[in-house]
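got a structure for you, letters missing:
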């Protein structure tokens, strides 16, 4: 079902500072930066081997990532797994009784198709499915 770890999403308060930190400290080159108004975030993505690090900065405190930071502070927000067919995986997970945030896939970063699984179904971890 899962083919790889696509990316780790990390919630940050200051995107420029976080990018600089990851570049200097870990040598990550961020090649993608985009504002996603519909999700209330500005994101930057940097390749690490076959996977990515996604830095997420909220556009306001009332956005999902803004609420996450207010409740938990900066840190790991979600783990994203690459899948071949997000529609099929969602069907399998729904049939298995998992609570889905997205019943239907939606557009994601890097021209992907994504869907989220509720953390209550995955031991407290927000999981994203990513189809390239």
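Received the coordinates, thanks. All values derive from a computational prediction rather than experimental measurement.

where in this protein is pLDDT low?
Within the chain, no range satisfies pLDDT under 70.

so how many other residues sit close to residue 11?
Residue 11 sits with 24 neighbouring residues when counted by other Cβ atoms under 10 Å. Placement of C-beta: from N, CA and C, glycine included.

Contacts only, for it.
56, 57, 58, 65, 68, 69, 72, 74, 75, 76, 77 (Cβ atoms under 8 Å, 6 or more residues apart in numbering).

Which residue ranges of this protein form strands?
For the chain, the strands defined by DSSP state E occupy 4-11, 30-36, 41-48, 51-58, 75-82, 106-107, 113-117, 127-131.

Those into JSON lines, with extra columns for distance to residue 20?
Shown next, in JSON lines, are the strands of the chain (distance: least, Cβ to Cβ, whole Å):
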{"stretch": "strand 4-11", "distance to residue 20": "14"}
{"stretch": "strand 30-36", "distance to residue 20": "10"}
{"stretch": "strand 41-48", "distance to residue 20": "11"}
{"stretch": "strand 51-58", "distance to residue 20": "11"}
{"stretch": "strand 75-82", "distance to residue 20": "18"}
{"stretch": "strand 106-107", "distance to residue 20": "29"}
{"stretch": "strand 113-117", "distance to residue 20": "27"}
{"stretch": "strand 127-131", "distance to residue 20": "25"}
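
Done for today, thanks.
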